[in-house]
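*Asks:* Next one to model:
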Amino acid sequence: MKQLQQALQAKINEMTKNGQKLFKVDIDRDEIFNVYLNSFEEDDRQFYNCNCCKSFLRQYGGIVAIKDGVVESIWDIDTPEEEYAQSAKALKKYVKSLKVVGPFYSDQKECGTEKNFSEKHQIVWDHFFFNMPWPHVLADSGSKESQITSSKDVLMRSFEELSEDSVSTVLELIDQNSLYRGNEYKKMLVDFQKLQKKYKKVSTKLKNNFCWENSIKDASVSRIRNSAIGTLLIDLSENMELDRAVRRFESVVAPANYKRPTSLVTPRMVEAAQKTIKELGFEGSLYRRQLSDKDLNVNNTVFVSRSNKALLGDVFDEIKEDVVVNPKSLSKVEEVHIEKFINDIVPKSKSIKVLVENSHINNFVSLVGPKEDDDKSMFKWNNNCSWSYTGGVADSIKERVKKAGGNVTGKLRVSLSWSNYDDLDLHVKNPKGDHIYFGDRSGNCGGELDVDMNAGGGTTREPVENIFWRQNPRYEGKYTVIVDNYYKRETNDVGFEVEIDYDGESQVFSFDSNSVRKQTVFEFTFSKRDGVKVLGQGGSASKYNTKEKWGIKTGRFQNVKAITLSPNYWGEGKGVGNKHYFFFLDKCENDEKIRPFYNEFLSQELHDNRKVFEVLGSKIEVEKTKSELSGLGFSDTLRNHLFVEVEGSFKRVLKVTF
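*Replies:* Numbers count the residues shown, from 1 in each chain. Below you'll find the model as predicted:
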């Protein structure tokens, strides 16, 4: 029995390593002991008829683990003691024939009786015994088992009752920004969708095991049916009309003044749009590709590099590109406005480099055009070309706030954006010392905090916080903007940006670290005469932490292969809408899903079908191309800057302002 004890101990240790969980099968308390006794010769059975071993088998004999749906029992062992070999095989066969009925935790570490002394026979008897590994020893084991059992039952009901189509529909609504706070549920939905597809492929015999194994891994996914998003999934699975189902969901999670940023699309709308697109001759125009160097010409290009080094590459230039440049070291260079730069400096330049900063991460952009040049233009301008910024938005922080349900239409807005699961908090102090933050959402400032993300747990890697004023601030004087890392959860993707927008003019401050508690970002003054004036940026990290985007590293000067205006300003005419300036970079390759078009670009002919085009814009794939035109883009409505190294008759560095 000693060797059998050792084999059982080794097995339970193996079954629980790497966090593996234990379960129990539906044993018959008398039958399992009979299986054990019947494995011996009839004349020997009385010798093994032991109350200590019977108690062990009843309590611990049905312990199993589940690996990829397959049950493994504590009796899956090879024992060197021949007298127990048949017993282990019989118990293994019996236990593995039974249904898993719950998780297993022990309320004590010592399982069974290791040995005892018989006064009558003057002998030490060994029994079934092992020490349970600590993670599976709980004083309140019954409560834990009950909790997991409930999660498993909910997960199986979710797999069976929530339709795959309902999950796909909700994910589509999130992708097209039609669901309030939808991004908070996206990861849960994606994880559930993957599990549900696997569940559908699992044999009926193993479905129960599959649910037990996965219910214990992720409690949030297991209980998706009981969450707010679960009510929406149930309604859609029961064929409730889409608009009504979403309204029911939003009545629970959205504030009273919430207005959905994009409308929902019904099949009837899609049919009507298909008919209109065909009648107007836009069918071919829907298919899009990235534009490349071959699409550049004198009508659409401000600058094309004439330097062989810039085009062919040079080993010494590559070495120089690895030198990190902190933008603060260039604070004293000459400043020039973008229009003067294009009109007076670019024509005399043979090569241009730009310093890509961390604050430019949201300025990455790609040019998009039709697959066939003669396809009819869908846009308000004459050509059929468009552009797509990273993340599928033109002004990233503002769009993140909109997606989160925040107000972006007030007189003044201060928004915080970061990219990990940390809980950052935005504070604004007024001249009297009062301030807006999560503890006081109005703060006697006349403004309001309406978005507070990642509080209580990391729910998204695209969080924002937003403070806005519908009208001018209540008090004149100096305001202080503070960012507090209230709960640090990660060391990846650190840093943050704060955008201040007053009367449509925006300015973004970028920080490379978010580890500081209550960090002053910048200050601004407000007066009725002058409005809002930003005073300056607060502290920043002593080291410039570089990032990488689309193959381009920040903190380096990068070769510009071409400069263009946005397609709405190509050719003759005043132009339609906001003007953008694009600096396309060597070796810049967009690795994201590119949006083929935006509704605000579309021709008036397509206005009545804008709801369908909002969905099409999130679904249509843009064909990748070699030598793509991707790089940095800047809007003429947003305050920004770009350090450029210009080589003509001599080389110099300038600060181009927008």
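
*Asks:* Quick check: closest non-adjacent residue to residue 518.
*Replies:* Distances taken as CB to CB, 6 or more residues apart in numbering place residue 484 nearest to residue 518, at 4.7 Å, with adjacent residues excluded. Yep, even glycine has a C-beta here, placed from its N, CA and C like the rest.

*Asks:* Oops, could you answer that again for residue 169 instead?
*Replies:* Nearest residue to residue 169, sequence neighbours excluded (CB to CB, 6+ apart): residue 236, at 5.8 Å.

*Asks:* In what element of secondary structure is that neighbour found?
*Replies:* Element membership for residue 236 (DSSP states H and E) is helix 228-237.

*Asks:* taking the mean pLDDT, what do you get for that helix?
*Replies:* Mean pLDDT, computed over helix 228-237, is 94.

*Asks:* which helices and strands sit right next to it?
*Replies:* helix 141-161, helix 164-175, helix 183-201, helix 242-253 (3 or more CB pairs under 8 Å, 6 or more residues apart in numbering; DSSP states H and E).

*Asks:* As CSV, those helices with mean pLDDT would be great.
*Replies:* What follows is the helices and strands packed on helix 228-237, written out as CSV (pLDDT from 0 to 100):
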stretch, mean pLDDT
helix 141-161, 93
helix 164-175, 88
helix 183-201, 94
helix 242-253, 86
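
*Asks:* And the next helix or strand past the helix or strand containing residue 399?
*Replies:* Residue 399 is located in helix 396-403, with elements delineated by DSSP H and E. Elements were assigned by DSSP H and E; along the chain past helix 396-403, the next helix or strand is strand 412-418.

*Asks:* Sheet partners, orientation included, of that following strand?
*Replies:* Its sheet considered, strand 412-418 pairs with strand 464-469 (antiparallel), strand 496-502 (antiparallel) by DSSP bridges.

*Asks:* orientation of the longest one relative to helix 396-403 in degrees?
*Replies:* When you say that, I think you mean strand 496-502. 80 degrees (axes from the mean of the first three to the mean of the last three CA atoms, to 10 degrees).

*Asks:* ok, and for strand 496-502, which residues are buried?
*Replies:* 496, 497, 498, 499, 500, 501, 502 (16 or more other CB atoms under 10 Å).

*Asks:* Please apply the same query to stretch 282-297.
*Replies:* Residues of stretch 282-297 classed as buried: 282, 285, 286, 288, 289, 290, 291, 295, 296 (neighbour count, 16+ other CB under 10 Å).

*Asks:* re the thing from before, just so I know, which of the helices and strands packed on helix 228-237 lies nearest residue 124?
*Replies:* helix 141-161 (30.6 Å; CB to CB).

*Asks:* other SSEs contacting the closest one?
*Replies:* By 3+ CB pairs under 8 Å, 6+ apart, helix 141-161 packs against strand 100-103, helix 183-201, helix 207-215, helix 219-222, helix 228-237.

*Asks:* now, of these, which is deepest in the fold?
*Replies:* Comparing these by mean neighbour count (mean count of other CB atoms under 10 Å), helix 207-215 comes out on top with a mean of 22.
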